[in-house]
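Undergrad: with the sequence up front, the predicted model follows.
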Amino acid sequence: MTDTHYTHPDVLGKGIAEGWADPQMDPARLDWAARQRAAAIPFRVVDGRPVSPGAPTGIRYGRGELGHWGEKQAADAIVLARTGGVRWVLMVERDDDHGWAIPGGCLDPGEAPLAAAIRELQEETGLVLPGANWHLFTVRLVPDPRATDEAWMVTWPAVADLGDIDRLPAVVGADDARRAAWVRADTYDVLVVSLASVWSAPLFPAHRDMLADILHQY
């Protein structure tokens, strides 16, 4: 139904208390002209309420499981490597029960997308790649299951391909990642099967299309 309302209770509770949710309850009171100018992907505002470029999502009003109104910008670090003819991608298990995902997170104020991707990689996996050759892709709308028509995510994918190496670097889950691991990813389908067979877990829905595109290109 396109007229449904939903905002998770955590948004209005700890989200506002911890600072990751907009404290303003009425989106019509926000400065949408400024937010539209700062947006990475253009979006409409109708009667003082933002409308996602990906609408309809099935939830017309509210913030879903996201804390902000409108667009929130993120960056994701996709690290690839090969050992013994097998390709691997570095993944993390999210701590919100949405499955396994690419390391990444929201941009800090004034932070560049690539800097954010590299920072999130280190925070969530402990991996530091000095001198790595990063390729920053164009920003894209995220098909996030937590989103609504009024709250959504966009992200810049950043790829570092380590090529053929003798041993995969050690990683450990930290911050909001329960654990980190190298997952076999010769193809996208192999990645999905690997997560199901080794970790008994799904791929985070928001990263499915992005990973399918990246793994096809590389």
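TA: Yep, that arrived.

Undergrad: tell me how far stretch 172-191 lies from the chain's centre.
TA: Here the centre of stretch 172-191 is set off from its chain's centre by 14 Å, with CA atoms, centre = their mean, to the nearest Å.

Undergrad: can you report how many residues lie near residue 177?
TA: 23 (other CB atoms under 10 Å). In this view, the C-beta of every residue, glycine as well, is placed from N, C-alpha and C.

Undergrad: likewise for the one 5 residues further on?
TA: One way to gauge burial is a neighbour count; for residue 182, by other CB under 10 Å, it gives 21.

Undergrad: give the bridge partners for it, please.
TA: Beta-bridge partners recorded for residue 182 (DSSP bridges): residue 90.

Undergrad: begin at 18 from now on, thanks
TA: Yep, numbering from 18; the last one is residue 199 now.

Undergrad: does it touch residue 185 like I think?
TA: Yes: between residue 199 and residue 185 there is a contact under CB atoms under 8 Å: 4.8 Å.

Undergrad: which neighbours do these two have in common?
TA: Residues touching both residue 199 and residue 185 (CB atoms under 8 Å, 6 or more residues apart in numbering): 98, 105.

Undergrad: helix, strand, or coil at residue 72?
TA: coil (DSSP: H, G, I helix; E, B strand; the rest coil).

Undergrad: mean confidence score for the longest helix along the chain?
TA: The longest helix of the chain (DSSP state H) is helix 130-142. Averaged over helix 130-142, pLDDT sits at 97.

Undergrad: repeat that for stretch 156-164.
TA: 95.

Undergrad: any buried residues in it, and which?
TA: 156-161, 163-164 (16 or more other CB atoms under 10 Å).

Undergrad: circling back: what sits up against the longest helix of the chain?
TA: By CB under 8 Å, 6+ apart, the list of residues contacting helix 130-142 from outside reads 90-94, 96, 107, 109, 120-125, 128, 144-146, 151, 153, 156, 173, 175, 188-194, 197.

Undergrad: list the buried ones in that helix?
TA: Buried residues in helix 130-142, counting neighbours by 16+ other CB under 10 Å, are found at 130, 133-138, 141-142.

Undergrad: could you dump the residues you listed to TSV with distance to residue 215?
TA: What follows is these, written out as TSV (distance: CB to CB, whole Å):
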residue	distance to residue 215
130	31
133	29
134	25
135	27
136	28
137	23
138	21
141	19
142	17
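
Undergrad: re earlier: and the longest helix of the chain, C-alpha only, in PDB?
TA: The C-alpha trace of helix 130-142 is given here as PDB (Å, rounded to 0.1, in the frame of the first residue of the first chain):
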ATOM      1  CA  PRO A 130      33.400   9.300  -0.200                       C
ATOM      2  CA  LEU A 131      36.700   7.500  -0.800                       C
ATOM      3  CA  ALA A 132      38.100   8.600   2.600                       C
ATOM      4  CA  ALA A 133      34.900   7.300   4.200                       C
ATOM      5  CA  ALA A 134      35.100   3.900   2.500                       C
ATOM      6  CA  ILE A 135      38.700   3.500   3.700                       C
ATOM      7  CA  ARG A 136      37.900   4.600   7.200                       C
ATOM      8  CA  GLU A 137      34.900   2.200   7.500                       C
ATOM      9  CA  LEU A 138      37.000  -0.700   6.100                       C
ATOM     10  CA  GLN A 139      39.500  -0.200   8.900                       C
ATOM     11  CA  GLU A 140      36.900   0.400  11.600                       C
ATOM     12  CA  GLU A 141      34.900  -2.700  10.700                       C
ATOM     13  CA  THR A 142      37.600  -5.200   9.700                       C
END
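
Undergrad: done for today, thanks.
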